[in-house]
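Q: Can you look at this prediction? I've put the sequence above it.
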Amino acid sequence: HSYLHSADDERDTLNSAVECYQFQLDMIDYLVTHWHSLSNRNQNLKPLLSQTPIIPIANHAKLLMAPNQMYSPTVEIFAKLFKEDPVFPHSFFMQRNQRKY
């Protein structure tokens, strides 16, 4: 089994675009799916994860950022001010946010 080629074309596209490993996406999916149970067992999980670089960046391949270091590109002033900076999540996560979370 290759971490760079899965049965999910959307994930493979993201993996290729940001050279991100499949297990990073799986980890994020696991956290989202099991968030209620995980956060109930560990009250420190949210602050810890907010500081952990786990999210691929929109215009910087190979770069992962912590959620607390990112902005939403849907906020117009942030989109204008930080257009070229590594502060926005990859569009894959924005699409998923609208669809799934």
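A: Yep, that arrived. Residues are numbered from 1 along each chain as shown.
Q: how about residue 84, phi and psi?
A: Taking degrees, to the nearest 10, you get phi -100, psi 0 for the backbone angles of residue 84.
Q: count of residues packed around it?
A: 7 (other CB atoms under 10 Å). Where C-beta positions appear, they are placed from N, C-alpha and C, glycine not excepted.
Q: ok, now residue 46?
A: Residue 46 has 12 neighbouring residues, counting by other CB under 10 Å.
Q: Quick one: name whatever helix or strand follows the biggest helix by length in the chain.
A: Looking only at the chain and at elements set by DSSP state H, the helix with the highest residue count is helix 22-33. Beyond helix 22-33 in the direction of the C-terminus, DSSP states H and E gives the next helix or strand as helix 35-41.
Q: mind checking how far the residue lying closest to residue 28 once chain neighbours are set aside is from residue 29?
A: If the residues on either side of it in the chain are set aside, residue 28 comes closest to residue 54, at 6.4 Å by CB to CB, 6 or more residues apart in numbering. If you measure residue 54 against residue 29 using CB to CB, to the nearest Å, the figure is 12 Å.
Q: cool, residue 37 as well?
A: Here the criterion is CB to CB. By it, residue 37 lies 14 Å from residue 29.
Q: Comparing the two, which shows the higher neighbour count?
A: Under the neighbour definition other CB under 10 Å, residue 37 and residue 29 were set side by side, and residue 29 has more, 13 against 9.
Q: From residue 92, how far off is the more buried one?
A: When distance is defined by CB to CB, residue 29 is 12 Å away from residue 92.
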